[in-house]
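Participant: A predicted structure for the sequence below; I have some questions about it.
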Amino acid sequence: MLVEGVRAVTEALDAGASARFAVTSPRLQQTGGGSALSIRLAATDLELHTVDDAELSALADTERPQGILLVFDEPTASLDLVEAGVRLLVLDGVQDPGNTGTLLRASVAFGLDAVIALEGTADPWAPKTVRASAGMAFRIPVIQARFPDAVAALQHAGVPLHVAATGGEPVAAGELVAGAGRGAGFALIVGNEGAGVRDELRDAATSTVSIPMRGPAESLNVGMAGSVLLYEMTKE
């Protein structure tokens with residue numbers, strides 16, 4: 001997988017991601033934090049390739065690359081991580097890489113144990129997704145799974161499933177986590193930007209939760225809504 005940009009590359013290295021090789025260009029020295037990253041890379045045994053700015057731009061996914069590309073082994077995680085008491089976010093067909101990356105970043109910020117990305121969700125390790133997560137994707141296990149397998153694992157572990165949807169129980173009500181109180185395990189399920197959560201997951205859910213809104217807006221996008229819900233569900 002390709003990671004580019006000073007911040008995302010630094011986060012990946014700090015998280016211990018397994019790097020294959022790096023490509024740099026002179027622009028790295030003109031980017032904030034670029035000199036420090038260059039020194040750090042030079043002190044490793046990582047295979048380094050230096051090209052000019054035009055050549056790096058041809059390789060990069062962004063329009064204005066920062067002079068650094070790294071190729072990493074794609075991190076993997078399995079449903080074996082699902083056990084009683086874990087706090088998880090489940091992405092059900094979240095198609096936009098920006099929303100997927102935002103939700104990965106929020107999951108790290110609010111101390112979740114893992115994220116489950118179901119089929120139809122934007123690739124968690126695509127360059128746009130990793131950039132949208134500000135490199136935080138490397139800070140949390142990301143499990144890519146089919147929804148029947150994920151539901152079976154969650155139910156076997158006794159993890160309550162809470163679907164985010166309009167008309168659900170207000171998230172700030174206090175009785176959210178199946179009466180178990182704050183700090184209990186849960187799986188928050190957020191769905192596709194247009195269709196929402198699939199019917200099979202709604203049927204399997206313990207409850208449906210929502211964000212009360214006082215203004216005239218009918219809804220928030222899934223990245224914003226998921227972040228607000230996670231804040232409420234994890235605060236002490």
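Facilitator: Noted; the coordinates are in hand.

Participant: Please make it C-alpha for all contacts and neighbour counts, starting now.
Facilitator: Fine.

Participant: May I see the domains of this structure written out as residue ranges?
Facilitator: Listed domain ranges for the chain are 2-72, 79-234 (source: automatic domain parsing).

Participant: Format those as TSV; extra columns: mean neighbour count and mean pLDDT.
Facilitator: Shown next, in TSV, are those (neighbours: other C-alpha atoms under 10 Å; pLDDT from 0 to 100):
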stretch	mean neighbour count	mean pLDDT
domain 2-72	17	95
domain 79-234	19	90
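
Participant: Residue most distant from the centroid, the protein?
Facilitator: The outermost residue of the chain, judged against the average C-alpha position, is Asp52 (32.3 Å), by C-alpha atoms, centre = their mean.

Participant: Dump the longest strand that the chain contains to PDB, keeping only the CA atoms.
Facilitator: If you go by DSSP state E, the chain has its longest strand at strand 161-170. What follows is strand 161-170, C-alpha atoms only, in PDB (Å, rounded to 0.1, in the frame of the first residue of the first chain):
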ATOM      1  CA  LEU A 161     -25.200  -3.700  18.400                       C
ATOM      2  CA  HIS A 162     -26.300  -0.100  18.100                       C
ATOM      3  CA  VAL A 163     -27.400   1.100  14.700                       C
ATOM      4  CA  ALA A 164     -27.200   4.800  13.900                       C
ATOM      5  CA  ALA A 165     -30.400   6.000  12.200                       C
ATOM      6  CA  THR A 166     -32.900   8.800  12.200                       C
ATOM      7  CA  GLY A 167     -35.600   8.200  14.800                       C
ATOM      8  CA  GLY A 168     -33.500   6.200  17.100                       C
ATOM      9  CA  GLU A 169     -33.000   6.700  20.900                       C
ATOM     10  CA  PRO A 170     -31.300  10.000  21.600                       C
END
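
Participant: contacting residues around Gly135?
Facilitator: 7-12 (C-alpha atoms under 8 Å, 6 or more residues apart in numbering).

Participant: now do Val71
Facilitator: Contacts of Val71 (C-alpha under 8 Å, 6+ apart): 1-3, 19-22.

Participant: Dump those residues to TSV, plus distance to Gln29 and secondary structure.
Facilitator: Formatted as TSV, these follow (distance: C-alpha to C-alpha, whole Å; DSSP: H, G, I helix; E, B strand; the rest coil):
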residue	distance to Gln29	secondary structure
Met1	24	coil
Leu2	20	strand
Val3	18	strand
Ala19	21	strand
Arg20	22	strand
Phe21	19	strand
Ala22	15	strand
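
Participant: Cool, thanks, signing off.
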